[in-house]
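K.L.:
quick one, structure for this:
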Amino acid sequence: MASLRDIKKEINGLTNEVIFDCFLYLYMHKDKNKIEVTRIMKNTLKTRNGLIYKVNHTDSEDRKKIKKHFSKIKGELVDKMDGYFKKLSEITKETKNSIKK
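P.N.:
Numbers count the residues shown, from 1 in each chain. Reported below is the predicted structural model:
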């Protein structure tokens, strides 16, 4: 089983990727979709804080339950961050299409 430190690094790494991509979008497109992209960033940080809280607060001493707990956390991390990346991708496509017109 991975250490708590490694799990936290994974959470922070994926969170940082989403936030970086949002900042890059805002830098490249200035004021377009600023509210939506900012919302993605806020939700990403809320998710990150929630996942870190879950990592730090396990309810059981049983190794199997702990392993299942961390497996759920990793699954939630991947699902949520993938969703945020998809939302940002959709916004980027909309912006790209509006620029072409």
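K.L.:
how about the spatially most central residue of the chain, secondary structure?
P.N.:
Nearest residue to the geometric centre of the chain (CA atoms, centre = their mean): Met81, 3.5 Å. Of the three states, Met81 takes helix according to DSSP: H, G, I helix; E, B strand; the rest coil.
K.L.:
give the contact list for the spatially closest residue to it that is not a sequence neighbour.
P.N.:
Leaving aside its chain neighbours, Met81 sits nearest to Leu14 (4.6 Å; criterion: CB to CB, 6 or more residues apart in numbering). Using the backbone N, CA and C atoms, a C-beta is placed for each residue, glycine as well. When the contact criterion is CB atoms under 8 Å, 6 or more residues apart in numbering, the partners of Leu14 are 77-78, 81.
K.L.:
dump these to CSV, plus distance to Lys87 and pLDDT.
P.N.:
Below are the contacts of Leu14 laid out as CSV (distance: CB to CB, whole Å; pLDDT from 0 to 100):
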residue, distance to Lys87, pLDDT
Leu77, 16, 97
Val78, 15, 96
Met81, 11, 97
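K.L.:
the protein: strands as residue ranges?
P.N.:
Assigned by DSSP state E, the strands in the chain number zero.
K.L.:
what comes up buried for the lowest-mean-pLDDT helix or strand in the chain?
P.N.:
Here the helix or strand of the chain ranked lowest by mean pLDDT, DSSP states H and E is helix 63-100, holding a mean of 90. By neighbour count on 16 or more other CB atoms under 10 Å, the buried set for helix 63-100 is 69-70, 73, 77, 80-81, 84-85, 87-88, 91-92, 95.
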